[in-house]
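Colleague: Okay, here's the prediction I keep looking at, along with the sequence it came from:
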Amino acid sequence: MIKTQNLFYFYQEQESDNKTQVLKDISLDIPKGEFVALLGHNGSGKSTLARTFNAILIPEGGKVYVDGLDTSDENLLYEIRKKAGMVFQNPDNQLVATIVEEDIAFGPENLGVESKEIRKRVDDALNAVGMRAYISHAPHMLSGGQKQRVAIAGILAMKPECIILDESTAMLDPSGRKEVMDTIKKLNHELNMTVILITHYMEEAAQADRVIVLDEGKVVMDGKPDEVFCQVDRLKELRLGVPEVTELSYILKQKGVDLGDGILTTDDFMDRFKAVIGK
Amino acid sequence: MSIEVKNLTHIYGKNGPYEKVAVDNVSCTFEDGEFIGMIGHTGSGKSTLVQHLNGILKPTEGTVIYNGIDIFDKNTDLRKIRQEVGMVFQYPESQLFEETVYKDIAFGLNNYGIKGDEADIKIHNAAKMVDLDYDLLQKSPFELSGGQKRRVALAGVIAMEPKVLILDEPAAGLDPAGRISVLESIKNLHLTRGITVILVSHSMEDMAKYASKLVVMNKGKLELTGSPKEVFKNQKQLFEMGLDVPNMCKVLAKVRALGFDVPESVFDVEETAQVLCEILRREKC
Amino acid sequence: MLGDITLGQFYPTNSIIHKLDPRVKIMIALLIIVGLFVADSFYAYLLCTLFIAIAVFLSKVPVGFIFKGLKPLLFIMVFTAVINVFLTDGRTLFKVWFLRATYEGVIIAFVMVLRLFLLVTATTLLTLTTSPIMLTDGIERLLKPFNAIKVPSHEIAMMMTIALRFIPTLLEETDKIIKAQSARGADFTTGSILKRAKAMIPILIPLFISSFKRADELATAMECRCYKGGDGRTKLKVLKCEKRDYIALFSIVILLILIIFLNIFAG
């Protein structure tokens, strides 16, 4: 679905000619239908990388292909943005209209979709994110989690194949985060949507199919969540954490109690614990 | 010396079409030197409640007594109260406005007529407290990273050397390293200066780690108060309020449900591992 | 703190006035303003009052709610009245100090206040019964014929929509910044005018900066949703005039004709 080849990106510093390398030689292949979590501390380049995925930023070296389309080709710009939609961090700063349904219609309206078809897409998108009851609400009256679900619906109405969430859960409370996570997992499972989730919450990353860790603009870890999170010390070096139960099993292992690798949730942990203790 | 909330009620948009009772007849006392954690679902009224403690919001009914002074009395100088009861709002970096970090931190001090060398010392102390490099002080706050801006905003309040510090979600939106840095600064401040801290947060893990007393709000009412150990015992009640308990409490509760003897306390990951090891050792014998 | 602004707030009910095409409502509001300025006789004003009263009744918006929106204008109304009562030449009614109230003045004052009152009620009713999005939609369509003379109808409507969308957000933000600066000991209420103006700086700068940031993020988000201006855009809701819209237009035309008729023959 998304493919990068030797991707480079530079950031022009203000007041000087210095260029900082933000992304260094990134080659990735994200197949269709995969749920990928992108991790890295602030300034690791993960947001920049995500922005090359829908041609907001054009690579300065190398290539990015979205469903085979080259993002550096200006004629394909809208085709690419239609395929790869993006949801941002601050829910307030991405909703355009004063009524939920009008906001969701914004994308398809821009694409010149027929009124009848827009109506259908708006209704489908609202159902998909479970916000049908709020169709004529004003966005500023909604909770953070609800706003983000509206933002997701706004992307869905463009019929994308991939949805990128740039720290979309960072400003939400725990229940809002859960709403968003449940929504994107559903989209991934039921519609086979490719999901790229940038997050600081390790518990969220643990729910993905694949975890990619960036540091200093380079991919430093890439694998299944259990493969990545079992490297507790390495992640701490990268100024990241691991889910608490993963850390718990890691400490237990050091103390000589090996419950096995790949424990990411409380349920995983309890299953292994029961097995070891014989209950 | 304490903050005493007395039968406090706050109603937004009273008699209007969107009337909402945010705080409903709440009474509680925060003693000097406590580290209080305030938890509650969004809209539970916790942010509204804490904004009364330094008179930023006026109650519809009831009052707040700070060290024996009714802060909503006509004769009380609220600005003087605000000097002693500091408050850090959610995403405080949005309040930065000065040309340099130094001047921004000085803003609060200048408002209270503290200038020159005295202010200089306090500014440097505050910067040190939040782990801000001195060479950042002459930079524009708008050039800094998100985490640094947050710490500048924190320093702006800390520099005023409040006796009580109220923080609404001080670590929201930061990366794991940034979170730890901010929370550890607050903890050190509490330990070294002995000030009262009232921390509003959604993270139960942070609460378990830092708070000495918890206050749980639900639908405008005070639902539970007590030590973390006492509060987190009520797992079912907390779940019903849409709240969570720390991960380790969940693990230990499940182990307890298997019939093992687990002490009723709140443990961090390290301690939980210790407890589980002991259980395993006993079982294996 | 800043939440009591009624003007421009939509009051949702399911009335016939709400269902009218926004273009028709805007036209009616404009025509009634014209009517009020043309009117020159007692009966003409009576007709206008009646027309607006019926519209208010049909809209099912509580009368008290409309009056709440008039409150900020109370001062202007009183001011207009006083000026007219005392500064119009004519027969003396009574004297206060050196000021002389006249019969003519009282009548003119009454007419002026009534005119102002009806004007504001009519426009308030328009915003109370038309959702902002419908309002901007209506304006966009009404301005479309002027595209030929380079009036950017789509851009105007888009800016209005975004402004309306962000007013509540920015009010909330302002409220928060005022609170945060007060907590740092800022004082906005005492001192000379100059001192108070200076005290606004810590509020205005953060507000500007955050507005620019919001604008920047919103622009990126809009680009991500394939926004490329008004060309080739379609609409979720297509405006269509129905029977009731024609009846409404017909009645305002009748009203205008009556007013002109009264001016000529009763004036």
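Modeller: Cool, got the structure.

Colleague: Is B:Ala177 in contact with A:Arg239, as I believe?
Modeller: Yes - in this structure, B:Ala177 is within contact of A:Arg239 by C-beta atoms under 8 Å, at 4.1 Å. Where you see a C-beta, it was placed from the backbone N, CA and C, and this is true even at glycine.

Colleague: Can you check which residues contact both of those two?
Modeller: Here B:Ala177 and A:Arg239 have A:His41 as joint contacts, going by C-beta atoms under 8 Å, 6 or more residues apart in numbering or on different chains.

Colleague: who's in contact with residue 212?
Modeller: Chain wasn't specified; assuming chain A. A:Ile212 is in contact with A:28, A:36-39, A:219, A:221-222, counting by C-beta under 8 Å, 6+ apart.

Colleague: should've been chain B
Modeller: B:34-36, B:227-228.

Colleague: And for residue 28, the neighbour number?
Modeller: Reading this off chain A. By other C-beta atoms under 10 Å in any protein chain shown, 17 other residues sit near A:Leu28.

Colleague: oops, chain B please
Modeller: Neighbourhood size, B:Cys28 [other C-beta under 10 Å]: 16.

Colleague: what about it, which SS state?
Modeller: What DSSP: H, G, I helix; E, B strand; the rest coil gives for B:Cys28 is strand.

Colleague: For it, which residues count as its bridge partners?
Modeller: B:Val5 (DSSP bridges).

Colleague: quick one: contacts for it?
Modeller: Residues near B:Cys28 by C-beta under 8 Å, 6+ apart: B:4-5, B:215, B:222, B:225.

Colleague: how close does it get to chain A?
Modeller: Per C-beta to the nearest C-beta, to the nearest Å, B:Cys28 is found 22 Å from chain A.

Colleague: Same check on B:Arg282?
Modeller: 10 Å.

Colleague: do B:Glu19 as well
Modeller: 14 Å.

Colleague: right, and that residue touches B:Tyr12 too?
Modeller: Yes - between B:Glu19 and B:Tyr12 there is a contact under C-beta under 8 Å: 7.1 Å.

Colleague: out of the two, which sits in the busier spot?
Modeller: In this view B:Glu19 and B:Tyr12 are compared by other C-beta under 10 Å, and B:Tyr12 has more residues nearby, 15 against 10.

Colleague: who does that one bridge with?
Modeller: Where B:Tyr12 sits in a bridge, its partners, by DSSP bridges, are B:Lys20.

Colleague: I figured it hits B:Lys20, correct?
Modeller: Yes - using C-beta under 8 Å, B:Tyr12 is in contact with B:Lys20, at 4.6 Å.

Colleague: what does chain C have sitting close to chain A?
Modeller: Within chain C, the positions adjacent to chain A are C:131-133, C:161-162, C:164-165, C:168-169, C:172, C:213-214, C:217-218, C:220-228, C:232-238 by C-beta under 8 Å from any C-beta of the partner chain.

Colleague: Is it possible to mark the buried ones in those?
Modeller: Among those, those that count as buried by neighbour count (16 or more other C-beta atoms under 10 Å in any protein chain shown) are C:131-133, C:161-162, C:164-165, C:168-169, C:214, C:217-218, C:220-227, C:233-234, C:236.

Colleague: quick revisit: which one of the contacts of B:Cys28 sits in the busiest neighbourhood?
Modeller: Tallying neighbours with other C-beta under 10 Å puts B:Val215 at the head of the contacts of B:Cys28, with 25 neighbours.

Colleague: neighbours of residue 256, just the number please.
Modeller: Just so you know, I chose chain A. With other C-beta under 10 Å as criterion, A:Gly256 counts 9.

Colleague: my question was about chain C
Modeller: 17.

Colleague: And it, how close does it get to C:Val78?
Modeller: Note on C:Leu256: its distance to C:Val78, by C-beta to C-beta, to the nearest Å, is 30 Å.

Colleague: before we move on, the earlier item: pipe the contacts of B:Ser212 into CSV and attach neighbour count and pLDDT per row.
Modeller: Output for the contacts of B:Ser212, formatted as CSV (neighbours: other C-beta atoms under 10 Å in any protein chain shown; pLDDT from 0 to 100):
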residue, neighbour count, pLDDT
B:Glu34, 19, 94
B:Phe35, 19, 96
B:Ile36, 24, 96
B:Ser227, 14, 93
B:Pro228, 22, 92
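
Colleague: Between those residues, which sits nearest chain C?
Modeller: Of all the contacts of B:Ser212, B:Ile36 has the smallest distance to chain C: 17.9 Å, by C-beta to the nearest C-beta.

Colleague: show me the contacts for the closest one.
Modeller: By C-beta under 8 Å, 6+ apart, the neighbours of B:Ile36 are B:30, B:196-199, B:211-215.

Colleague: Between all of the residues you listed, which two are separated the most?
Modeller: Maximum pairwise distance among those (C-beta to C-beta): 14.6 Å, between B:Thr196 and B:Leu214.

Colleague: and residue 47, what is it in contact with?
Modeller: Because you didn't say which chain, this covers chain A. By C-beta under 8 Å, 6+ apart, the contact set of A:Ser47 is A:166-167, A:198.

Colleague: Let me rephrase: I mean chain B.
Modeller: Applying C-beta under 8 Å, 6+ apart to B:Ser47 gives the contacts B:90, B:168, B:200.

Colleague: Let's see the pLDDT reported for the second one.
Modeller: B:Asp168 carries a pLDDT score of 94 in this model.

Colleague: follow-up on the earlier one: could you dump the contacts of B:Ser47 into JSON lines with neighbour count, secondary structure and distance to chain A added?
Modeller: Formatted as JSON lines, the contacts of B:Ser47 follow (neighbours: other C-beta atoms under 10 Å in any protein chain shown; DSSP: H, G, I helix; E, B strand; the rest coil; distance: C-beta to the nearest C-beta, whole Å):
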{"residue": "B:Gln90", "neighbour count": "16", "secondary structure": "coil", "distance to chain A": "9"}
{"residue": "B:Asp168", "neighbour count": "20", "secondary structure": "strand", "distance to chain A": "12"}
{"residue": "B:Val200", "neighbour count": "23", "secondary structure": "strand", "distance to chain A": "11"}
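
Colleague: just these now: which is nearest chain C?
Modeller: Among those, and counting by C-beta to the nearest C-beta, the member closest to chain C is B:Gln90, at 8.0 Å.

Colleague: The closest residue to C:Glu140 other than its chain neighbours is in what secondary structure piece?
Modeller: If the residues on either side of it in the chain are set aside, C:Glu140 comes closest to C:Ala157, at 3.6 Å by C-beta to C-beta, 6 or more residues apart in numbering or on different chains. Assessed by DSSP states H and E, C:Ala157 sits inside helix C:153-183.
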